Structures are given as C-alpha cells and as structure tokens.
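Visitor: Only the shape, not the letters, is given here:
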C-alpha cells in the first residue's frame with residue numbers, strides 16, 4: 001500500500017500518511033496564498049508607471065509648472081493625495097514649514113504601514129513551515145522506532161523504510177510551503193522598500209523646492 005501512494009498520486013492518502021502536521025501546513029499555505037493575492041492586488045496601485053507619473057509631476061512643480069498639481073491629481077497612485085497636499089500647502093506659503101513636513105511624514109507613514117500589513121504572515125509561514133515539517137518527521141521516526149522496538153528481532157527492514165518515508169513526507173511538504181512564500185515575501189518587501197525610497201525622494205524634493213517658492217507664486 002505504501003508503494004502505491006506516490007504512483008497513484010492520491011492526495012487524500014498523502015494527507016492521511018502525513019497526519020495532522022500536513023493538514024496544518026496546507027492550512028498555512030492557503031492562508032499565505034490568500035495574503036499573497038491580496039498584496040499583489042494592493043501593489044498594483046503602486047506600479048512603476050504610476051510612480052513615474054507622480055515623480056514627473058513633482059519635477060514639474062519644482063520647476064514652477066502651473067500644471068504640475070493637476071498632473072499629480074490625475075495620477076491613480078495612493079500617494080497622489082500626499083503629493084497634492086504638499087504642493088498646495090507649500091505653494092500657499094502661509095503654513096508652517098515644520099508643520100507641513102510633520103503632516104506629510106505622517107501621511108506617508110500611514111500609507112507605508114498599510115503596504116507592510118500582512119507581510120508578517122508570509123514571513124511566519126516561511127519560517128514555521130520547515131520547523132513544522134521537521135517536527136512531523138521527528139514524531140514519525142519516533143513512532144517507527146517505537147514500533148520496531150516492540151517487534152524486536154522480528155522487525156522488517158521494509159517496514160522501517162516505509163515508516164521513514166512517511167515521516168519524511170512532512171519535511172518535504174514543509175519545504176514546499178516555505179520556499180515559494182519566502183520568495184514572495186522577499187519580493188514584496190523589496191518592492192515596498194522601493195516605494196518607500198521614491199516617496200522619501202519626492203517628499204524631500206517637494207519640501208526643498210517649496211522653501212524657495214514665494215507665497216502665492218509658482219516661480
């Protein structure tokens with residue numbers, strides 16, 4: 001029966017052989033997959049194209065272009081409100097620069113916090129899945145040797161090999177769950193770092209140029 005399982009590819013049989021650890025790993029993979037899909041949809045709003053468009057609006061505003069704010073408002077990026085608010089407050093000249101900087105920083109941090117949300121789930125899945133797989137393997141091998149000890153000299157080597165195969169199944173499942181989600185976490189974290197870097201760059205250029213703009217003037 002043990003030899004037929006991998007040949008037939010019966011997933012239900014694999015779940016039975018893997019035991020509760022495999023069920024937990026599969027549940028974790030479903031949760032991590034849902035989080036991955038959600039984060040990918042969320043990151044679409046921060047595409048390179050939308051960031052380039054917003055960055056171009058900031059560049060034009062720094063040069064005194066009157067259409068820069070309208071261009072920033074037309075951007076579909078969630079950062080549009082942040083940039084437009086900065087342009088408005090800094091061009092007005094009546095707002096305290098320190099207060100403007102503090103408020104822009106708060107708005108940026110709120111956006112970045114939303115971007116970083118749920119990344120911890122992917123990180124924990126990538127970290128815990130191999131450990132759970134190893135735990136299942138250890139428990140399985142303990143069970144195998146316990147059975148062999150009870151059989152004594154009449155123990156069958158084929159039974160030993162089959163028991164170890166079952167035990168190693170959980171480690172394989174754990175690694176299969178951990179590796180892709182570790183890559184996904186690294187990719188999302190890297191993308192968020194780029195968004196953070198570009199946001200800081202736009203805010204710095206916006207604020208620096210705003211200090212040299214005359215109140216009520218775009219020159």
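Guide: It's in. All values reported here derive from a predicted model rather than from experimental measurement. Residues are numbered from 1 along each chain as shown.
Visitor: where does the protein have its least confident helix or strand?
Guide: Ranking every helix and strand in the chain by mean pLDDT, DSSP states H and E puts helix 4-8 at the bottom, with a mean of 44.
Visitor: Give the other helices and strands that the lengthiest helix in the chain contacts.
Guide: Secondary structure of the chain per DSSP state H: the longest helix is helix 157-210. On a contact count with 3 or more C-beta pairs under 8 Å, 6 or more residues apart in numbering; DSSP states H and E, helix 157-210 meets helix 11-18, helix 20-43, helix 48-62, helix 80-92, helix 97-116, helix 119-151. For every residue, glycine as well, the C-beta is placed using N, CA and C.
Visitor: Please identify the most buried of those.
Guide: Most buried of those, by mean neighbour count (mean count of other C-beta atoms under 10 Å): helix 80-92, with a mean of 20.
Visitor: okay if I get the helices and strands packed on helix 157-210 as TSV plus distance to residue 179 and mean pLDDT?
Guide: Putting these into TSV (distance: least, C-beta to C-beta, whole Å; pLDDT from 0 to 100) gives the following:
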stretch	distance to residue 179	mean pLDDT
helix 11-18	18	62
helix 20-43	11	92
helix 48-62	27	89
helix 80-92	36	85
helix 97-116	22	89
helix 119-151	8	84
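Visitor: Those helices: which one's closest to residue 200?
Guide: helix 97-116 (7.7 Å; C-beta to C-beta).
Visitor: chain center to the closest one, what's the gap?
Guide: 21 Å (C-alpha atoms, centre = their mean, to the nearest Å).
Visitor: Repeat that for stretch 194-207.
Guide: 21 Å.
Visitor: Now do the buried residues in that stretch.
Guide: Across stretch 194-207, burial judged by 16 or more other C-beta atoms under 10 Å covers 195-196, 198-199, 202-203, 206-207.
Visitor: pLDDT check: weakest of these?
Guide: Within these, residue 207 has the lowest pLDDT, namely 81.
Visitor: which residues does residue 111 contact?
Guide: For residue 111, the contact set (C-beta atoms under 8 Å, 6 or more residues apart in numbering) comprises 78-79, 82, 199.
Visitor: related to what we said a few turns ago, any chance of the helices and strands packed on helix 157-210 in JSON lines with distance to residue 174 as columns?
Guide: Output for those, formatted as JSON lines (distance: least, C-beta to C-beta, whole Å):
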{"stretch": "helix 11-18", "distance to residue 174": "10"}
{"stretch": "helix 20-43", "distance to residue 174": "6"}
{"stretch": "helix 48-62", "distance to residue 174": "35"}
{"stretch": "helix 80-92", "distance to residue 174": "41"}
{"stretch": "helix 97-116", "distance to residue 174": "26"}
{"stretch": "helix 119-151", "distance to residue 174": "2"}
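Visitor: Ok, which of these comes nearest residue 191?
Guide: Across the helices and strands packed on helix 157-210, residue 191 has its closest neighbour in helix 20-43 (6.0 Å, C-beta to C-beta).
Visitor: Who are the packing partners of the closest one?
Guide: If you count contacts as 3+ C-beta pairs under 8 Å, 6+ apart, helix 20-43 packs onto helix 11-18, helix 97-116, helix 119-151, helix 157-210.
Visitor: What angle do helix 119-151 and it make with each other?
Guide: Angle, helix 20-43 to helix 119-151, by axes from the mean of the first three to the mean of the last three C-alpha atoms, to 10 degrees: 170 degrees.
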